[in-house]
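Student: Here you go, sequence then predicted model.
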Amino acid sequence: MFSRILIANRGEIALRIIRACREMGIESVVVYSEADRGASYIELADQAICIGPASPAQSYLNIPAIISAAEVADVEAIHPGYGFLAENAHFAQICADCGITFIGPRPESMKMLGDKVAARAIAKKAHVPVVPGSEGKIKDEKEAIKLANKIGYPVIIKAAAGGGGRGMRVAHNDISLRNAFATAKNEAEAAFKDGTVYLEKYVVEPRHVEVQVMADKSGNVLHFFERDCSIQRRHQKLIEESPCPVLDEHTREELCKSAIKVIKEANYENAATVEFLLDRDKRFYFIEVNTRIQVEHPVTEMVTGVDLIKMQLKVAGGQNLNLRQKDIEHNGVAIECRINAEDPARNFAPCPGKVEKFILPGGMGVRVDTHISQGAMVSPHYDSMIAKLIVHRPTRGEAIITMKCALSEFRIEPIKTTIPICHKILSHNRYLQNKVDTSFIEQNIT
């Protein structure tokens with residue numbers, strides 16, 4: 001096992017990894033930007049190194065600076081967290097070339113699954129259902145229109161190297177497809193420096209369901225059941241829960257088995273999330289693999305009792321999974337609300353600033369993952385998520401009530417946050433009745 005690792009991230013996930021390291025007797029080295037200097041979580045690390053200015057490109061995305069910090073601190077491994085360089089195969093390869101363990105998948109697996117066209121091919125080879133669509137990239141709008149007419153509208157154009165909803169456009173006819181093709185391609189080129197796009201049948205009223213998996217270096221793969229991530233805005237998740245409230249046991253078993261098939265076919269190791277769409281008839285279709293730990297991993301931790309960050313560290317350190325699938329049990333219901341520094345009244349505009357009042361909720365089954373404290377500054381330079389509020393109760397009804405109470409207790413002032421809109425969603429009849437899909441917020445929450 002490692003004696004010292006570097007955490008190439010910031011905020012909540014950096015603190016989460018620091019805590020796991022402390023419990024395992026591993027020294028942690030955290031890097032930080034000038035904007036994060038003085039952040040309270042940095043004091044909990046064994047060592048802290050400034051790697052550049054506030055701009056992510058000059059700090060948390062600055063590979064030479066991070067590798068230099070790793071060499072100065074003499075670490076054995078780097079944990080990338082999520083976001084920033086977490087799914088950057090080039091960074092993972094540089095770590096390997098420098099003799100530093102990357103706490104995540106091998107570069108070749110990350111690169112392969114990071115390309116959504118290649119990931120679809122892997123799923124099909126593993127005999128896992130995929131949404132009908134192109135076999136590979138779409139060359140031009142003429143090819144896109146021909147295929148769309150073959151599989152039927154609506155269709156969705158997606159960036160092969162996409163993520164976070166960028167490079168995605170829905171089309172309902174030939175005219176809108178022409179516009180969607182050009183827009184998605186340009187957006188993908190700007191966001192990912194890769195304008196490759198592909199086409200899929202657009203699943204109407206889908207639920208977004210994902211399976212947490214973990215694989216060791218010996219080829220053992222386990223699943224930790226599923227999370228329902230259908231409550232999202234512009235493809236950005238806002239509320240997640242486990243289990244998916246509409247899955248029957250047979251479909252759940254097939255879904256989880258399919259996730260394992262994809263991971264084994266990709267010869268993958270460490271943590272991953274295999275994502276699916278679930279249609280109105282409860283048929284599921286593979287869409288992509290996230291080759292990192294997810295923001296919403298606490299949901300799975302609460303219902304399984306497994307510390308996924310510690311497991312990541314052990315697997316990266318060469319240990320085999322010490323569990324069997326039958327040893328992993330799903331207990332109760334967990335719900336997570338992402339608390340973002342955003343103003344819903346102004347189209348969810350970022351709301352940075354000083355936190356002058358900060359009161360955490362509590363009670364049985366309540367967990368808060370955050371790096372924020374009273375007096376902290378919410379920076380305009382980074383992602384707006386400042387906390388994750390998670391509850392775990394025996395039933396979904398109890399979990400919803402506990403979450404609403406916790407949201408009512410949570411005070412973050414004077415900046416605006418998503419606390420009120422999360423409360424509104426949890427009070428909506430369609431949410432309470434499990435009648436939601438990925439367009440729920442746009443159609444029901446104003």
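Tutor: Perfect, I can see it now. Numbers count the residues shown, from 1 in each chain.

Student: From the contact counts, what lies against the helix of greatest length in the chain?
Tutor: In the chain, taking DSSP state H as the definition, the longest helix is helix 174-192. If you count contacts as 3 or more C-beta pairs under 8 Å, 6 or more residues apart in numbering; DSSP states H and E, helix 174-192 packs onto helix 141-151, strand 155-163, strand 166-171, strand 197-201. The C-beta positions use only the backbone N, C-alpha and C, and glycine is treated the same way.

Student: May I ask which helix or strand of the chain has the lowest mean pLDDT?
Tutor: Scoring the helices and strands of the chain by mean pLDDT, DSSP states H and E places strand 155-163 at the bottom, with a mean of 85.

Student: Who are the packing partners of that one?
Tutor: Counting contacts by 3+ C-beta pairs under 8 Å, 6+ apart, strand 155-163 packs against helix 116-125, helix 141-151, strand 166-171, helix 174-192, strand 197-201.

Student: again, only this time at 10 Å
Tutor: helix 107-114, helix 116-125, helix 141-151, strand 166-171, helix 174-192, strand 197-201, strand 284-290 (3 or more C-beta pairs under 10 Å, 6 or more residues apart in numbering; DSSP states H and E).

Student: So for Val262, which of the ones you listed sits nearest?
Tutor: When the helices and strands packed on strand 155-163 are compared by C-beta to C-beta, helix 116-125 sits nearest Val262, at 5.3 Å.

Student: Please point out which parts of that closest one sit buried.
Tutor: For helix 116-125, burial by neighbour count (16 or more other C-beta atoms under 10 Å) applies to Lys116, Val117, Ala119, Arg120, Ala121, Ile122, Ala123.

Student: and if you look at stretch 306-314?
Tutor: For stretch 306-314, by 16+ other C-beta under 10 Å, it's Val306, Asp307, Leu308, Ile309, Lys310, Met311, Gln312, Leu313, Lys314.

Student: could the residues you listed be laid out in JSON lines, adding pLDDT?
Tutor: Below are the buried residues of stretch 306-314 laid out as JSON lines (pLDDT from 0 to 100):
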{"residue": "Val306", "pLDDT": "98"}
{"residue": "Asp307", "pLDDT": "98"}
{"residue": "Leu308", "pLDDT": "98"}
{"residue": "Ile309", "pLDDT": "98"}
{"residue": "Lys310", "pLDDT": "98"}
{"residue": "Met311", "pLDDT": "98"}
{"residue": "Gln312", "pLDDT": "98"}
{"residue": "Leu313", "pLDDT": "98"}
{"residue": "Lys314", "pLDDT": "98"}
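
Student: Looking at those residues, which one is closest to Ile103?
Tutor: Once C-beta to C-beta is applied, the member of the buried residues of stretch 306-314 that ends up nearest Ile103 is Gln312, at 5.7 Å.

Student: Assumed the closest one was part of a strand.
Tutor: No: going by DSSP: H, G, I helix; E, B strand; the rest coil, the assignment for Gln312 is helix, not a strand.

Student: so it touches Glu301, yeah?
Tutor: No: with contact defined as C-beta atoms under 10 Å, Gln312 does not count as touching Glu301 (11.9 Å).

Student: Please name the residues that touch the closest residue to Asn331 other than its chain neighbours.
Tutor: Nearest residue to Asn331, sequence neighbours excluded (C-beta to C-beta, 6 or more residues apart in numbering): Val303, at 5.8 Å. Listed by C-beta atoms under 10 Å, 6 or more residues apart in numbering, the contact set of Val303 reads 224-225, 227, 241-243, 329-334, 392.

Student: any idea of the mean pLDDT for stretch 378-395?
Tutor: Here stretch 378-395 scores 97 as its mean pLDDT.

Student: got the end-to-end distance for that stretch?
Tutor: Start-to-end span of stretch 378-395 (C-alpha to C-alpha, to the nearest Å) is 35 Å.

Student: swap in stretch 302-313?
Tutor: End to end - C-alpha to C-alpha - stretch 302-313 spans 19 Å.

Student: Find the residue at the geometric middle of the chain.
Tutor: By C-alpha atoms, centre = their mean, the chain has its centre lying nearest to Gln294, at 3.5 Å.

Student: and the gap between it and Ala271?
Tutor: 8 Å (C-beta to C-beta, to the nearest Å).

Student: Now do the shared contacts for those two.
Tutor: Taking C-beta under 10 Å, 6+ apart as the criterion, Gln294 and Ala271 both touch Gln212, Leu308.

Student: For Ala86, grab the count of nearby residues.
Tutor: By other C-beta atoms under 10 Å, the residues close to Ala86 number 23.

Student: repeat for Met110
Tutor: 27.

Student: ok, it touching Ala89?
Tutor: Yes: contact status for Met110 versus Ala89: in contact at 4.4 Å, counting by C-beta under 10 Å.

Student: which residues do these two both contact?
Tutor: Phe102, Gly104, Thr291.

Student: If you rank the residues you listed by neighbours, which is first?
Tutor: Counting neighbours by other C-beta under 10 Å, the top entry in the shared contacts of Met110 and Ala89 is Gly104, with 31 neighbours.

Student: how about the nearest residue to that one, chain neighbours excluded?
Tutor: Asn270 (5.1 Å).

Student: With Leu255 instead?
Tutor: Phe284 (5.4 Å).

Student: which one's the longest strand in the protein?
Tutor: Ordering each strand of the chain by length in residues (DSSP state E) puts strand 221-233 first.

Student: Which elements pack onto the helix or strand just after that strand?
Tutor: The helix or strand immediately downstream of strand 221-233 is strand 236-242, counting by DSSP states H and E. Under the contact criterion of 3+ C-beta pairs under 10 Å, 6+ apart, strand 236-242 touches strand 207-215, strand 221-233, helix 297-304, strand 333-340, strand 385-393, helix 396-409, helix 419-427, helix 440-444.

Student: tell me the domain ranges of this structure?
Tutor: Following automatic domain parsing, the chain resolves into domains at 4-103, 132-201, 207-444.

Student: Any idea which of those domains has the lowest pLDDT on average?
Tutor: Among those, domain 132-201 scores lowest, at a mean of 90.

Student: Could you list the buried residues of the one helix or strand Ile49 maps to?
Tutor: Assigned by DSSP H and E, Ile49 belongs to strand 47-52. Residues of strand 47-52 classed as buried: Gln47, Ala48, Ile49, Ile51, Gly52 (neighbour count, 16+ other C-beta under 10 Å).
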